[in-house]
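> Compute the structure for the input listed below.
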Amino acid sequence: MPTKMRWGLILMASLLSMCYSPLFAQKDKLEGLWYNEEKSAKIDIYKAVDGYYWGKIVWLKEPNRDGKPKLDIKNSKEKLRTRPIMNMPILSRFTKDGDNTYDGGEIYDPKNGKTYSCTITYRNDNELGIRGYIGISLIGRTTTWTRAKD
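Model (predicted):
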């Protein structure tokens, strides 16, 4: 094989590997499906193209109210009260801080319509510590989410 052709193939292979490497990037241990503490909802946590970790509700034990999909009726913003809870983002803009901590984000609670600062602690393959708080993290509440197997 001529030298120019060989270098051309090497260059092309290098460019292809740089272009397609994000498609085959390994998922972070935080990513995947998680049950909330009450197991009334399943949340899909994923890393978005913006580089942040987000989470949205993808399953509800009781998805309907009065035969219709549950809506975000407790939201403090009136225009958002008609949005469905299913597929609604409840975790937003988290960044990884060390091996097991994700912070800088917020958690939205559709039960009361409030948004809280939040830190996520990866405890093990099956548990997350979700700490929602106002102001400083000392004043808040921690719940445990468990990995959904299905």
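> So, low pLDDT: which residues of this structure?
Counting by pLDDT under 70, the chain has low-confidence residues at 1-25, 150.
> those helices in it, which residues are they?
Assigned by DSSP state H, the helices in the chain fall at 3-20.
> Grab the longest strand from it for me.
strand 114-124 (DSSP state E).
> my guess is N126 contacts K149, does it?
No - the criterion here is CB atoms under 8 Å, and N126 misses it with K149 at 9.1 Å. C-beta coordinates here come from the backbone N, C-alpha and C atoms, glycine included.
> Neighbour count: the two, which is higher?
Taking other CB atoms under 10 Å, N126 and K149 do not tie; N126 has more neighbours (12 against 7).
> any idea how far L30 is from the spatially closest residue to the more buried one that is not a sequence neighbour?
Nearest residue to N126, sequence neighbours excluded (CB to CB, 6 or more residues apart in numbering): R147, at 4.8 Å. Noted for R147: a distance of 10 Å to L30, by CB to CB, to the nearest Å.
> Who has more neighbours out of these two?
For R147 versus L30, neighbours defined as other CB under 10 Å are more numerous around L30 (19 against 14).
> all strands for the protein, in order.
Applying DSSP E to the chain gives strands spanning 32-35, 41-47, 53-60, 64-65, 68-69, 89-96, 101-109, 114-124, 127-133, 140-147.
> and those strands as a markdown table, adding distance to N75?
Formatted as a markdown table, the strands of the chain follow (distance: least, CB to CB, whole Å):
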| stretch | distance to N75 |
| --- | --- |
| strand 32-35 | 23 |
| strand 41-47 | 16 |
| strand 53-60 | 14 |
| strand 64-65 | 15 |
| strand 68-69 | 15 |
| strand 89-96 | 12 |
| strand 101-109 | 9 |
| strand 114-124 | 9 |
| strand 127-133 | 16 |
| strand 140-147 | 20 |
